[in-house]
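>>> need coordinates for the following:
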Amino acid sequence: PKTSFDLGTRGGRGEMLLTATDIGEDPDYVPPPTFAGRVVKPNKYPVCQQVWIDYLDCTLVKESSFGKFIGRCNDAKEALDKCNNQEREVMRKKNLAASKERKKVIEERMAQMEAMEIAAAKKAAEPGKPEKKGW
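Take a look at the predicted model:
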């Protein structure tokens, strides 16, 4: 008996065949970026986007992927590396400053906690009123 969900089997093994139209398409799907008909990974730093495009243009379009092997795109690659290194240094300095701020806050909190523990220990060690023993 074929139900409304039965879409057929593959090779008689009882495996279901589902297609994109059967289960619906993902509305949030964004196709990967392409350049000259090829899927490319975007550059990590948006500031260097134009240099990245120039490098891709050299390696994928002008030289048809072969020029990069014989050094025709070295200038574009060096410019891209220089830009990426500058941006990496900017990010490194920014992260270092944020790390120092976080460390400062943590050290202040630790000092407060230690002060509270020392105050509690002193209070416990102080002699108070003697307890009444017996009746």
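
>>> sec struct for Lys44, please.
The three-state label given to Lys44 by DSSP: H, G, I helix; E, B strand; the rest coil is coil.

>>> which residues touch it?
Under the criterion of CB atoms under 8 Å, 6 or more residues apart in numbering, the contact partners of Lys44 comprise Asn84, Glu87. (Each C-beta comes from the backbone N, C-alpha and C, glycine too.)

>>> what separates the residue nearest the centre of the chain from Asp54, distance-wise?
Nearest to the mean C-alpha position of the chain, counting by CA atoms, centre = their mean, stands Lys44 at 10.4 Å. Taking CB to CB, to the nearest Å as the measure, Lys44 and Asp54 are separated by 16 Å.

>>> can you check Leu80 too?
From Leu80 across to Asp54, the span is 8 Å (CB to CB).

>>> what do you get for Lys100?
To Asp54, Lys100 is 36 Å away according to CB to CB.

>>> which parts of this protein are strands?
9-10, 15-16, 34-35, 38-39 (DSSP state E).

>>> just the pLDDT for Pro130.
The model reports Pro130 with a pLDDT of 59.

>>> where does the chain have low pLDDT?
Applying pLDDT under 70 to the chain flags residues 1-24, 36, 63-65, 128-135.
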